[in-house]
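> A predicted structure for the sequence below; I have some questions about it.
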Amino acid sequence: MAKPLPTSADVVVIGLGRFGSAVSIHLTRLGHEVLAIDRREELVQRWSHELPYVVQADTTDPIALKRLGVDAFQHAIVAIGEDIEASARARITSSTPKPPWESGSPT
């Protein structure tokens, strides 16, 4: 039985390739609540035994991200490396607050 999605999760990781899966595992081991999302079913199945919250979804679809509650997460890591357009679209459609270096405010 699948665990319900966390209500106060720390991090959403979009993309479960080498980088995204490594980050997800590391953050989980550090005690963070991580929601990992990928469009590829084989990667979702592969990591579902090691990560508590893994979902298959099209992260370029703003409706899918809204349904998953991505905008409520404190942090987002977009780890889509093979398709730069999908990576950019996922970052734009996730409604997470921009990091300081993207907000235009001096650091």
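Thanks, I have the structure now.
> OK, contacts around D38?
14-17, 20, 44, 54, 56-57, 59 (C-beta atoms under 8 Å, 6 or more residues apart in numbering). All C-beta atoms are positioned from the backbone trio N, CA, C, and that covers glycine.
> Longest helix in the protein, please.
helix 18-29 (DSSP state H).
> picking up where we left off before, as TSV, the contacts of D38 with neighbour count, secondary structure and pLDDT would be great.
Formatted as TSV, the contacts of D38 follow (neighbours: other C-beta atoms under 10 Å; DSSP: H, G, I helix; E, B strand; the rest coil; pLDDT from 0 to 100):
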residue	neighbour count	secondary structure	pLDDT
I14	26	strand	91
G15	27	coil	92
L16	26	coil	94
G17	14	coil	91
G20	22	helix	92
V44	18	helix	97
V54	24	strand	96
Q56	16	strand	96
A57	17	coil	95
T59	25	coil	86
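> And A76, how close does it get to H49?
24 Å (C-beta to C-beta, to the nearest Å).
> who's more crowded, these two?
A76 (22 against 7; other C-beta atoms under 10 Å).
> Would you map the strands across this protein?
Per DSSP state E, the chain carries strands over the ranges 11-14, 34-38, 54-56, 75-78.
> how about TSV for these, with distance to R67 added?
Compiled in TSV, the strands of the chain are given as follows (distance: least, C-beta to C-beta, whole Å):
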stretch	distance to R67
strand 11-14	13
strand 34-38	11
strand 54-56	10
strand 75-78	16
